[in-house]
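A.B. asks: quick one: sequence plus predicted model below, questions after.
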Amino acid sequence: MAAIRLEEFSQRHIDPANMLATIDAECDFDVRDRLREIKATTLVIGGTRDRAFSTELFRATATGIRGARLVLYEGRGHLGTMLDPRFGRDVAAFLHDES
């Protein structure tokens, strides 16, 4: 799959180094000490098999934001979380509850 994506980037003249730099920046950007400043009602959704972000990070994020709601999908990875049939329902329920 990765080879297919790299070939696609090559054909579309997309430099994969930009994507890798973005991923590195996301992973190195630590705002845990500022989570308490978030005032918006927040929903944190993650998967227990996410290889990019740990379950502990999802929990710490939700704990750090006052009143945040945490939803973890057992056995789901990074993209699988958003493809899970519960995702849309959970987001819609959260937004409905907050309106």
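C.D. replies: Now that the structure is in, tell me what you want to look at. Computed from a prediction, not measured in an experiment: that's the story for all the values here.

A.B. asks: let me see the domain layout of the protein.
C.D. replies: 1-30, 35-99 (automatic domain parsing).

A.B. asks: most tightly surrounded among these?
C.D. replies: Highest mean neighbour count among the domains of the chain (mean count of other CB atoms under 10 Å): domain 35-99, with a mean of 14. C-betas here are computed from N, CA, C, even on glycine.

A.B. asks: tell me how far that one is from the chain's mean position?
C.D. replies: How far domain 35-99 lies from its chain's middle: 8 Å, per CA atoms, centre = their mean, to the nearest Å.

A.B. asks: what mean pLDDT would you report for that domain?
C.D. replies: For domain 35-99, mean pLDDT rounds to 95.

A.B. asks: now do stretch 12-24
C.D. replies: The average pLDDT within stretch 12-24 is 75.

A.B. asks: okay, that stretch in CSV with CA atoms only?
C.D. replies: The C-alpha trace of stretch 12-24 is given here as CSV (Å, rounded to 0.1, in the frame of the first residue of the first chain):
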residue,chain,number,x,y,z
ARG,A,12,1.1,14.0,-8.9
HIS,A,13,4.4,15.7,-8.2
ILE,A,14,3.8,15.7,-4.4
ASP,A,15,6.9,15.6,-2.3
PRO,A,16,6.4,12.9,0.4
ALA,A,17,8.9,14.8,2.6
ASN,A,18,6.3,17.4,3.2
MET,A,19,3.9,14.8,4.5
LEU,A,20,6.6,13.3,6.8
ALA,A,21,7.5,16.8,8.1
THR,A,22,3.8,17.4,8.9
ILE,A,23,3.6,14.0,10.8
ASP,A,24,6.8,14.8,12.7
